[in-house]
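S.K.: mind folding the following:
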Amino acid sequence: MSERSAMMTAVVAAVMVLAVLLAAAPIVRGQSGFRPADVAEGERLYADFCASCHGADLEGQPDWRSVDADGRLPAPPHDKTGHTWHHGDGLLFAYTKLGGKAVMEAQGLDFDSGMPAFADELTDQEIRNVLAFIKSTWPERQRELQAVRTEAERLREQAGQ
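M.R.: The predicted model follows:
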């Protein structure tokens with residue numbers, strides 16, 4: 001084998017190894033664990049669909065823990081001071097897609113939280129991106145605790161509970 005042929009074989013082998021490694025590597029994610037493009041789209045969608053109630057900085061409405069005159073709770077914060085991170089991904093997704101009243105009814109509760117359904121306005125992926133944006137703003141400890149809740153929720157569903 002000539003020197004040139006050996007060099008060409010080595011280059012082809014290196015390119016093939018690189019291609020396999022790139023294909024097997026996880027998607028590049030930011031520090032929060034989410035794809036930066038998903039978080040960026042989620043931030044844009046949050047501004048368009050959510051900020052009017054939940055606040056531009058995810059701060060929620062004042063006195064969000066007290067029922068208002070209509071019997072509803074004001075929009076809660078989605079930042080680290082709120083309770084959003086206390087819920088698993090499945091519940092957060094359903095609440096956003098179906099609205100608070102439908103989710104509460106499915107759990108046998110007669111309560112209208114005031115959260116509208118976004119099924120007709122956002123795709124499933126867009127809802128996931130909004131949630132990725134919200135979660136990307138939380139401290140690592142809250143993301144970890146929320147991930148545990150998500151896994152517990154998944155296991156309950158899997159067990160049929």
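S.K.: show residues contacting the helix or strand encompassing Ala147.
M.R.: Ala147 belongs to helix 140-158 when assigned by DSSP states H and E. Applying Cβ atoms under 8 Å, 6 or more residues apart in numbering, the external contacts of helix 140-158 come out as Ser32, Gly33, Lys80, Trp85, His86, His87, Gly88, Asp89, Gly90, Leu91, Lys135, Trp138. All C-beta atoms are positioned from the backbone trio N, CA, C, and that covers glycine.
S.K.: 6 Å - rerun?
M.R.: Defining contact as Cβ atoms under 6 Å, 6 or more residues apart in numbering, one finds that helix 140-158 is touched by Lys80, Trp85, Gly88, Asp89, Gly90, Lys135.
S.K.: any stretches of this protein with poor pLDDT?
M.R.: Across the chain, the ranges flagged by pLDDT under 70 are 1-32, 161.
S.K.: which residues in it form helices?
M.R.: Counting by DSSP state H, residue ranges of the helices within the chain are 3-24, 36-49, 51-54, 89-98, 100-106, 124-136, 140-158.
S.K.: for these, give me JSON lines that also has distance to Pro74.
M.R.: As requested, these are exported to JSON lines (distance: least, Cβ to Cβ, whole Å):
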{"stretch": "helix 3-24", "distance to Pro74": "47"}
{"stretch": "helix 36-49", "distance to Pro74": "17"}
{"stretch": "helix 51-54", "distance to Pro74": "8"}
{"stretch": "helix 89-98", "distance to Pro74": "15"}
{"stretch": "helix 100-106", "distance to Pro74": "12"}
{"stretch": "helix 124-136", "distance to Pro74": "17"}
{"stretch": "helix 140-158", "distance to Pro74": "21"}
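S.K.: most tightly packed of the ones you listed?
M.R.: For the helices of the chain, average neighbour numbers computed from mean count of other Cβ atoms under 10 Å are highest in helix 124-136, which has a mean of 20.
S.K.: so which elements touch that helix?
M.R.: When contacts are defined as 3 or more Cβ pairs under 6 Å, 6 or more residues apart in numbering; DSSP states H and E, helix 124-136 sits against helix 36-49, helix 89-98.
S.K.: again, only using 10 Å
M.R.: Using 3 or more Cβ pairs under 10 Å, 6 or more residues apart in numbering; DSSP states H and E, the elements in contact with helix 124-136 are helix 36-49, helix 89-98, helix 140-158.
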